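# sequence first, then the predicted structure, then my questions.
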Amino acid sequence: MFDFKERVVIVTGASGNMGRAVARAFREAGARVVLVDRVAEPSAGTNLDPGSHDRPSLAQAADLNDPASVERMVEEVIRVMGRIDVLVNTVGGYRAGSPVHQTTLEVWDRMMTLNARTAFIVSHAVIPEMLRQGSGKIIHIAARPGLAGAANAAAYSASKAAVIRLTESLSAEMRHSGINVNCVVPGTLDTPQNREAMPDADTRRWVAPESLADVILFLASSAARDVHGASIPVLGRS
């Protein structure tokens, strides 16, 4: 449905279920995809066959919690590709199950680090190049618990709420510079890990990573040129 021919798209968390689906969708739409993960081994790390049409344009190792590592990644992308048109940040993590008074500070810090800090660092790194270009799309991944706090999930909920607020603030700052900043809010994703954790669940109600990727492609396209600061729910029937 969308044509991203010659567009340079950075996908962080490329080895994850969501990252693989997003990278594949952009590649099939003609984009030059930069796969970013802690280890730059695209065929092993993302299950993208380097001999097929899914072969990535570039694979880059970066620790999204290390600003210097992310800056080096961005510099290399600009050196090789010449520009950055889209950033899709899929990096994140989940820990929950305890009430606040039984949640350790380690869990709180871990959620803030994995979900909010990474989103801030990678946004901070790509925005200067997008400002120079006068264009760009940034898409983060929030989660339904970020919309409203739930029992036994305070750290995760707060970290994903921070992603939503970051998205809104970035959008308010960037919308007049040709840069769209939005996020998606998925429900339960249909992944092997979630199936294993919830063996009795009705997976037909869950969201396929490929379905989420379609929404992300829309937000990265010119069709979403007037969408700014949105948190798009992609909840399936869950």
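Structure received. Residues are numbered from 1 along each chain as shown.
# over to the residue lying closest to Ala14 once chain neighbours are set aside. Which of the three states is it?
Closest residue in space to Ala14, ignoring its immediate chain neighbours: Leu35 at 3.8 Å, by C-beta to C-beta, 6 or more residues apart in numbering. Every residue, glycine included, has its C-beta placed from N, CA and C. Classification of Leu35 using DSSP: H, G, I helix; E, B strand; the rest coil returns strand.
# which helix or which strand is home to the closest residue to Ala224 other than its chain neighbours?
Taking C-beta to C-beta, 6+ apart, and ignoring the residues beside it in sequence, Ala224 has Phe218 as its nearest neighbour in space, at 5.6 Å. Following DSSP states H and E, one finds Phe218 within helix 209-220.
# and for Thr167?
helix 154-174.
# check which helices and strands that helix is in contact with.
helix 105-111, helix 118-133, strand 136-141, strand 179-186, strand 231-234 (3 or more C-beta pairs under 8 Å, 6 or more residues apart in numbering; DSSP states H and E).
# make CSV from these and add mean pLDDT, mean neighbour count and distance to Arg225 to it.
What follows is the helices and strands packed on helix 154-174, written out as CSV (pLDDT from 0 to 100; neighbours: other C-beta atoms under 10 Å; distance: least, C-beta to C-beta, whole Å):
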stretch, mean pLDDT, mean neighbour count, distance to Arg225
helix 105-111, 96, 15, 33
helix 118-133, 98, 19, 15
strand 136-141, 98, 26, 9
strand 179-186, 97, 24, 7
strand 231-234, 96, 17, 15
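# will you turn the ones you listed into a markdown table that also has distance to Gly93?
Shown next, in a markdown table, are these (distance: least, C-beta to C-beta, whole Å):
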| stretch | distance to Gly93 |
| --- | --- |
| helix 105-111 | 7 |
| helix 118-133 | 9 |
| strand 136-141 | 11 |
| strand 179-186 | 14 |
| strand 231-234 | 19 |
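# compare these and give me the one nearest Val74.
Evaluated over the helices and strands packed on helix 154-174, closeness to Val74 peaks at helix 118-133, with 4.6 Å, by C-beta to C-beta.
# helices and strands around the closest one, which ones?
By 3+ C-beta pairs under 8 Å, 6+ apart, helix 118-133 packs against strand 8-12, helix 67-81, strand 86-89, strand 136-141, helix 154-174, strand 179-186.
# chain center to that helix, what's the gap?
The chain centroid and the centroid of helix 118-133 are separated by 14 Å, computed with C-alpha atoms, centre = their mean, to the nearest Å.
# hmm, who's touching that helix?
Outside helix 118-133, the residues that touch it by C-beta atoms under 8 Å, 6 or more residues apart in numbering are 10, 12, 64-67, 70-71, 73-74, 78, 83-85, 87, 89, 91-92, 136, 138, 140, 162-163, 166, 170, 174, 177-179, 181.
# I appreciate the help and will end here.
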